[in-house]
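S.K.: Sequence plus the predicted model coming up.
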Amino acid sequence: MNHFQYKNGELCAENIPLAQIAREVGTPVYVYSAATFTRHFKVFEDAAKDLDHFIAYSVKANSNLAVLTLLAKLGAGADVVSGGELERALRAGIDPQKIVFSGVGKSKDEMRAALKAGILQFNVESLPELLALSSVAIEMGKVAPVALRINPDVDAGGHEKISTGKAENKFGVDIRLAEEAYNTIRDLPGVTTQSVDMHIGSQIDSLAPFEKAIDKILKLIKKLRANGHDIQTYDLGGGLGITYDDTNDAPPLPAAYGQMVTEKFKGQNLKAIFEPGRSIAGNAGILLTKVRYIKSGGARTFVILDAAMNDFIRPALYSAHHDIDPVVINKSTSEYIDCDIVGPVCETGDTFAVLRSMPKMSEGDLVAIRSAGAYGAVQACEYNTRPLVPEVIVSGNKFEIIRKRPSIEDMLKAERVPDWI
Ligand code: LLP
């Protein structure tokens, strides 16, 4: 359930008509609903209520400071993957003891910053990374708390570009090498461990891969404990899928996922960490955009928007389906056409939908690209020297710009032309 619903034929974000935001802020613009973020976070919390746990929201999904502050106030921790994300989480007021640091290639500077902040744990993905962390911690006179990210060799399905839990993926330590790796941590100064970590993929649409991976890791934890490692925490990563396409998607609900994990954890004496990103942020945002031109008469009808692949890359990069809806429903919208919905960037891949049946549209009409709250604004770039899309958050009857649209001047000011050119 999300708070982008029609009221009197007008699509609204909570109580604000999207047309009003378009008028006041311009398009394209990302619009988020605070109530939807809150709801999704609480639904996840509720799903895990019978577990000793906390939620480390995966900052990469939507890292706007306003969003992080909202989640921090609800008690969220953070899963970060860079010094930049760490800084965002700290500025948003997230408790460092609820921050986990993931990623295959952390730099020593990032390790220093995280040790200084006193984060809960580093999710370490390789032996060389472990050695680097050990040396940084010794140099700082600290001991770094570590969880090894285990690659359980489970196929989570979904798009190949976001699958992470198979042995051939770059992520984590091969489960067959895990026992040895934990012994290495024990023998190494500057690092200590009480935790195991995994993350097997994203937009996972069934519980089966999670169950398979959890079974494997619980077996491993048993062995590690038998080897004398005091494992107390199991970080399950993120990955729970969401509904992008009402007619075709039926991912497990957080409640079913929570129940499954609760069953598996029974009697294990383990604390759970969850790192959801998409399931919190995905349906809490839309990309509001305007029809610039409609080109028809040839092989296809093209609806050309003012948003493009640089603003929202999921359809181009993962062939992702996103529902696209008119913002205003009127008489002409009862007539349907099949069209390609595209952006103005000079690439054929700059396409949001192919042969989509859409209510008939005219130049200047507003449309909402749905489910764009996760991996939307965070993956935007300035390709074609297009300014980064601004972001707006709505709460009830009020809204606020939480990232402004840069001017062309803002975009060019970091560039230098050397004297010798
Ligand atoms: N934890 C780790 C270590 C991760 O790498 C990720 C996502 C998450 C948690 C959160 O996963 P989620 O709950 O959001 O599935 N850009 C892609 C998604 C990449 C996901 C990367 N890792 C997309 O637009 O679909």
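M.R.: That came in fine, so what should we check first? Numbers count the residues shown, from 1 in each chain.
S.K.: C-alpha from now on. contacts and neighbour counts both.
M.R.: OK.
S.K.: Following the chain onward from the helix or strand residue 39 falls within, which element is next?
M.R.: In this assignment (DSSP states H and E), residue 39 forms part of helix 34-47. Using DSSP H and E, the helix or strand that follows helix 34-47 in sequence is strand 53-58.
S.K.: Contacts for that following strand next, please.
M.R.: 45, 76-80, 98-100, 238, 271-277, 280 (CA atoms under 8 Å, 6 or more residues apart in numbering).
S.K.: Paired strands for it, with orientation please.
M.R.: strand 77-80 (parallel), strand 271-274 (parallel) (DSSP bridges).
S.K.: Buried residues in the following helix or strand past that strand, which are they?
M.R.: As assigned by DSSP H and E, the chain's next helix or strand after strand 53-58 is helix 65-73. By neighbour count on 16 or more other CA atoms under 10 Å, the buried set for helix 65-73 is 65-72.
S.K.: same question, stretch 233-248
M.R.: For stretch 233-248, by 16+ other CA under 10 Å, it's 233-244.
S.K.: Tell me which of the strands paired with strand 53-58 sits most buried.
M.R.: strand 77-80 (a mean of 30; mean count of other CA atoms under 10 Å).
S.K.: residues contacting the spatially closest residue to residue 371 that is not a sequence neighbour?
M.R.: Distances taken as CA to CA, 6 or more residues apart in numbering put residue 283 closest to residue 371, at 4.3 Å, once the chain neighbours are dropped. Counting by CA under 8 Å, 6+ apart, residue 283 touches 2, 36, 242, 370-374.
S.K.: Which parts of the stretch 251-400 of the chain are helices?
M.R.: Under the criterion DSSP state H, counting those that start in this stretch, the stretch 251-400 of the chain contains helices at 254-265, 278-281, 314-318.
S.K.: Reformat the strands paired with strand 53-58 as TSV; add distance to the ligand.
M.R.: As requested, the strands paired with strand 53-58 are exported to TSV (distance: least, CA to the nearest ligand atom, whole Å):
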stretch	distance to the ligand
strand 77-80	6
strand 271-274	8
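S.K.: Mind putting these into a markdown table with mean pLDDT?
M.R.: Below are those laid out as a markdown table (pLDDT from 0 to 100):
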| stretch | mean pLDDT |
| --- | --- |
| strand 77-80 | 98 |
| strand 271-274 | 98 |
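S.K.: Distance to residue 228 for these - can I get that in TSV?
M.R.: Converted to TSV, the strands paired with strand 53-58 look like this (distance: least, CA to CA, whole Å):
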stretch	distance to residue 228
strand 77-80	28
strand 271-274	18
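S.K.: The residue in the stretch 301-421 of the chain positioned nearest to the ligand: neighbour count?
M.R.: The stretch 301-421 of the chain approaches the ligand most closely through residue 375 (4.6 Å), counting by CA to the nearest ligand atom. When counting by other CA atoms under 10 Å, one arrives at 20 neighbours for residue 375.
S.K.: For residue 155, see how far away it is.
M.R.: For residue 375, the distance to residue 155 equals 22 Å [CA to CA, to the nearest Å].
S.K.: about what we covered before: quick check: chain neighbours aside, which residue is closest to the residue of the stretch 301-421 of the chain closest to the ligand?
M.R.: residue 61 (4.9 Å).
S.K.: My read is that the one you found contacts residue 374, right?
M.R.: Yes: Residue 61 is in contact with residue 374 according to CA atoms under 8 Å; the separation is 4.6 Å.
S.K.: re earlier: so the residue of the stretch 301-421 of the chain closest to the ligand touches residue 59, yeah?
M.R.: No: between residue 375 and residue 59 no contact is recorded; they are 10.0 Å apart, counting by CA under 8 Å.
S.K.: and the stretch 251-400 of the chain, which residues reach the ligand?
M.R.: Taking CA under 6 Å from any ligand atom as the criterion, the stretch 251-400 of the chain approaches the ligand at residues 275-279, 314, 375.
S.K.: which of the residues you listed has the most neighbours?
M.R.: That'd be residue 279 among these, by other CA under 10 Å, with 29 neighbours.
S.K.: Tally up the residues packed near residue 309, please.
M.R.: Residue 309 - counted by other CA under 10 Å - has 24 other residues nearby.
S.K.: Spatially nearest residue to it (excluding sequence neighbours)?
M.R.: Nearest to residue 309 is residue 350, by CA to CA, 6+ apart, at 5.1 Å.
S.K.: what about residue 370, how many neighbours?
M.R.: Count around residue 370 with other CA under 10 Å applied: 21.
S.K.: hang on, it packs against residue 322?
M.R.: Yes: under the criterion of CA under 8 Å, residue 370 makes contact with residue 322 at 5.9 Å.
S.K.: so what sits against both of the two?
M.R.: Shared contacts of residue 370 and residue 322, counting by CA under 8 Å, 6+ apart, come down to residue 244.
S.K.: in the stretch 251-400 of the chain, which spans are strands?
M.R.: 271-274, 285-295, 302-305, 324-326, 336-342, 351-359, 366-369, 391-395, 398-403 (DSSP state E, counting those that start in this stretch).
S.K.: Can you list the strands that the longest one pairs with?
M.R.: This points to strand 285-295. Using DSSP bridges, the strands paired with strand 285-295 are strand 29-33 (antiparallel), strand 302-305 (antiparallel), strand 366-369 (antiparallel).
S.K.: Make CSV from the ones you listed and add distance to residue 177, mean neighbour count and mean pLDDT to it.
M.R.: Putting the strands paired with strand 285-295 into CSV (distance: least, CA to CA, whole Å; neighbours: other CA atoms under 10 Å; pLDDT from 0 to 100) gives the following:
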stretch, distance to residue 177, mean neighbour count, mean pLDDT
strand 29-33, 43, 28, 99
strand 302-305, 50, 23, 98
strand 366-369, 44, 23, 98
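S.K.: which one of the ones you listed lies closest to residue 136?
M.R.: Closest to residue 136 of those, according to CA to CA: strand 29-33, at 39.2 Å.
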